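A.B. asks: Sequence first, then the predicted structure, then my questions.
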Amino acid sequence: MATREEALALKGTEVAVPREALPDPGEGRHYWADLVGFSVVNAEGVKLGEVQGLFSNGVHDIIEVVGGAGGPQRLVPWTVVTAVDAAARRIDVEWGVDW
């Protein structure tokens, strides 16, 4: 791309990169796409649901959690994540069932 106009012509276009082209995220780091489907469990051991997706609201990264106890969807800020166990496909959070 050589001009701003060429770049603007692609506005709204989804860009994809083959998984094998991505570098290893490093120890304790994860690509968001890898977290989809992980169970989200609170400190009391209650499964709140599974990760449907993640997004940033400009201040925090947000986990979209669907299913589980207490409702069909939750938006959980990444700041309450206490652990990610990739082998168990689980994210532990400090988040109440009623929140």
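C.D. replies: Structure's in. What do you need?
A.B. asks: Strands of this protein, start to end?
C.D. replies: Assigned by DSSP state E, the strands in the chain fall at 39-42, 47-56, 61-66, 73-77, 81-85, 90-93.
A.B. asks: Pull out the buried residues from the last one.
C.D. replies: Taking 16 or more other C-beta atoms under 10 Å as the basis for neighbour counts, the residues of strand 90-93 that come out buried are Ile91, Asp92, Val93. In this view, the C-beta of every residue, glycine as well, is placed from N, C-alpha and C.
A.B. asks: And for the fourth one?
C.D. replies: Neighbour-count burial for strand 73-77, counted by 16+ other C-beta under 10 Å, picks out Arg74, Val76.
A.B. asks: Output it as CSV, nothing but the C-alphas.
C.D. replies: Output of strand 73-77 as CSV, limited to C-alpha atoms (Å, rounded to 0.1, in the frame of the first residue of the first chain):
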residue,chain,number,x,y,z
GLN,A,73,-23.6,-14.2,29.1
ARG,A,74,-21.0,-12.3,31.2
LEU,A,75,-18.4,-9.7,30.3
VAL,A,76,-15.5,-10.4,32.6
PRO,A,77,-12.5,-8.0,32.7
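A.B. asks: Could you list the paired strands of that strand along with their orientation?
C.D. replies: Take DSSP bridges as the rule and strand 73-77 pairs in its sheet with strand 61-66 (antiparallel).
A.B. asks: Over to the first one?
C.D. replies: In the sheet containing strand 39-42, the strands it pairs with under DSSP bridges are strand 47-56 (antiparallel), strand 90-93 (parallel).
A.B. asks: Return the distance of the longest one from the chain's centre.
C.D. replies: Shown here is strand 47-56, whose average C-alpha point lies 6 Å from the average C-alpha point of the whole chain (C-alpha atoms, centre = their mean, to the nearest Å).
A.B. asks: Could you do the last one as well?
C.D. replies: Mean C-alpha position of strand 90-93 versus that of the full chain (C-alpha atoms, centre = their mean) differs by 11 Å.
A.B. asks: pLDDT of that strand, averaged?
C.D. replies: Computed over strand 90-93, the mean pLDDT rounds to 99.
A.B. asks: try the longest one
C.D. replies: Taken as a whole, strand 47-56 carries a mean pLDDT of 96.
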